[in-house]
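In: predicted model and sequence below, questions to follow.
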Amino acid sequence: MLQIQDTLVSLDLAERFFCCDIDACLGECCIEGDAGAPITPEEKERIDALMPVLKPRLLPSALNRIEEAGTEYVDEEGDLVTQIVEGRNCVFTSYAPGGVCQCAIECACSAGETGGFRKPSSCALYPVRLTEYPTFTAVNYHRWDICRPAEKLGRKLGIRLYQFLKGPLTERFGAEWYAELCEACEAYLAEYGDK
């Protein structure tokens, strides 16, 4: 683990190569799993306020689910998460030609319709998951078979996980924190080498 300010960061962020390969995985992380994407109460409010912009981008089944149960629910672990359809799809999943999953929120953001809100931070940070404790935040890599193409592409391109997530990590923790992370990762890799 690397201690960066009040976080404990898994060595996976330094050791693992990663670069999303949407052509290989088709965005499967938006439709697989047993719960929706974790969101904060503030993100829930923003999403609810954006519903008039998002509705035209959503699947009919998603609109029905939102009408029945809202945009979010509390999962078995007590986390606030986005609503899901048919036990798997996030309600904000839309599809591009060829079956590639897209985030309706991110598509609306790209069209300049969300005031800069791109998507929930848990989605932007994926495959990193954060766990909040009373005195620190754990920053861990969530390993999942569907991300193997991303690991392969990251290795081919020489992009480490911490480098791939520069934007989301900086947005969440700040530029100073990210600079410290880079320094710690580079020092670790210089001492222990490629994995």
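Out: Yep, it's here.

In: for residue 56, which three-state class applies?
Out: Under DSSP: H, G, I helix; E, B strand; the rest coil, residue 56 falls in the helix class.

In: against residue 50, how distant is it?
Out: 12 Å (CB to CB, to the nearest Å). All C-beta atoms are positioned from the backbone trio N, CA, C, and that covers glycine.

In: look at residue 94 and give its secondary structure.
Out: Three-state call for residue 94 (three-state DSSP): strand.

In: number of residues surrounding it?
Out: Using other CB atoms under 10 Å, residue 94 has 23 other residues around it.

In: with the one 4 residues further on instead?
Out: Using other CB under 10 Å, residue 98 has 7 other residues around it.

In: same thing with the one 3 residues further on?
Out: Using other CB under 10 Å, residue 101 has 19 other residues around it.

In: confirm residue 140 sits in a strand?
Out: Yes. Counting by three-state DSSP, residue 140 is located in a strand.

In: for it, which residues are in contact?
Out: 10, 12, 128-131 (CB atoms under 8 Å, 6 or more residues apart in numbering).

In: change it to 7 Å
Out: Counting by CB atoms under 7 Å, 6 or more residues apart in numbering, residue 140 makes contact with 10, 128-129, 131.

In: kindly report the same for residue 89.
Out: Counting by CB under 7 Å, 6+ apart, residue 89 touches residue 31.

In: ok so, going back, out of the contacts of residue 140, who's the most crowded?
Out: Neighbour counts for the contacts of residue 140 (other CB under 10 Å) peak at residue 128, which has 23 neighbours.

In: returning to that earlier point: between residue 56 and residue 50, who's got more neighbours?
Out: The neighbour comparison of residue 56 against residue 50 (other CB under 10 Å) goes to residue 50, with 19 against 10.

In: quick one: that one and residue 114 touch, right?
Out: Yes. The pair residue 50 / residue 114 is scored as a contact, 5.7 Å apart, by CB atoms under 7 Å.

In: which neighbours do those two share?
Out: Residues touching both residue 50 and residue 114 (CB under 7 Å, 6+ apart): residue 108.

In: what lies in contact with the lowest-mean-pLDDT helix or strand in the chain?
Out: When the helices and strands of the chain are scored by mean pLDDT, DSSP states H and E, helix 22-25 comes last with a mean of 79. Defining contact as CB under 7 Å, 6+ apart, one finds that helix 22-25 is touched by 100, 146, 149-150.

In: count the residues that sit near residue 38.
Out: 21.

In: now swap in the one 5 residues further on and tell me
Out: Neighbour count for residue 43, taken as other CB under 10 Å: 21.

In: distance of it relative to residue 27?
Out: Taken as CB to CB, the span from residue 43 to residue 27 is 20 Å.
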